[in-house]
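Peer 1: what follows is a protein structure lacking sequence information:
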């Protein structure tokens, strides 16, 4: 039986979460969503994922902190950072802290999907 990858979409913007959930679901991924990094960590503890796609600017726990915590506690999880407000140096910082790929908003969801497939060996 073929293994289905689980992806966790972390963004405080419901529209972005819905777009990415639809994109990844249509591509055969199991999808979960969280509105901030604190909830994402709690979700991963109870139901682990293979890939986290996290926004960088969010309330309660922003993306840089989320990336750092995932890298410290769950080093095997792939991470993609996305941001509209923070670009340039902050996306570079996300990459230095452990994001395997970074995307500035707006981005083409198909490019994000291709990056995810590459990270997961698809």
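Peer 2: In hand now; what should we look at? Every value quoted in this text rests on a predicted model; they were computed, and no experiment measured them. Residues are numbered from 1 along each chain as shown.

Peer 1: where along the protein do the strands fall?
Peer 2: Using DSSP state E, the strands found in the chain span residues 6-10, 30-34, 51-55, 78-83, 101-104.

Peer 1: what would the ones you listed look like in CSV with distance to residue 90 and mean neighbour count?
Peer 2: Where C-beta positions appear, they are placed from N, C-alpha and C, glycine not excepted. Shown next, in CSV, are those (distance: least, C-beta to C-beta, whole Å; neighbours: other C-beta atoms under 10 Å):
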stretch, distance to residue 90, mean neighbour count
strand 6-10, 16, 26
strand 30-34, 20, 19
strand 51-55, 11, 26
strand 78-83, 7, 24
strand 101-104, 9, 19
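
Peer 1: looking at the ones you listed, which is nearest to residue 118?
Peer 2: Nearest to residue 118 among these is strand 101-104 (8.1 Å), distances taken as C-beta to C-beta.

Peer 1: does anything pack onto that closest one? Which helices or strands?
Peer 2: strand 78-83, helix 89-97, helix 109-119 (3 or more C-beta pairs under 8 Å, 6 or more residues apart in numbering; DSSP states H and E).

Peer 1: picking up where we left off before, as CSV, the strands of the chain with mean pLDDT would be great.
Peer 2: Converted to CSV, those look like this (pLDDT from 0 to 100):
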stretch, mean pLDDT
strand 6-10, 98
strand 30-34, 97
strand 51-55, 97
strand 78-83, 96
strand 101-104, 94
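
Peer 1: Serialize the ones you listed to a markdown table and add fields for distance to residue 18.
Peer 2: Shown next, in a markdown table, are the strands of the chain (distance: least, C-beta to C-beta, whole Å):
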| stretch | distance to residue 18 |
| --- | --- |
| strand 6-10 | 9 |
| strand 30-34 | 8 |
| strand 51-55 | 13 |
| strand 78-83 | 14 |
| strand 101-104 | 17 |
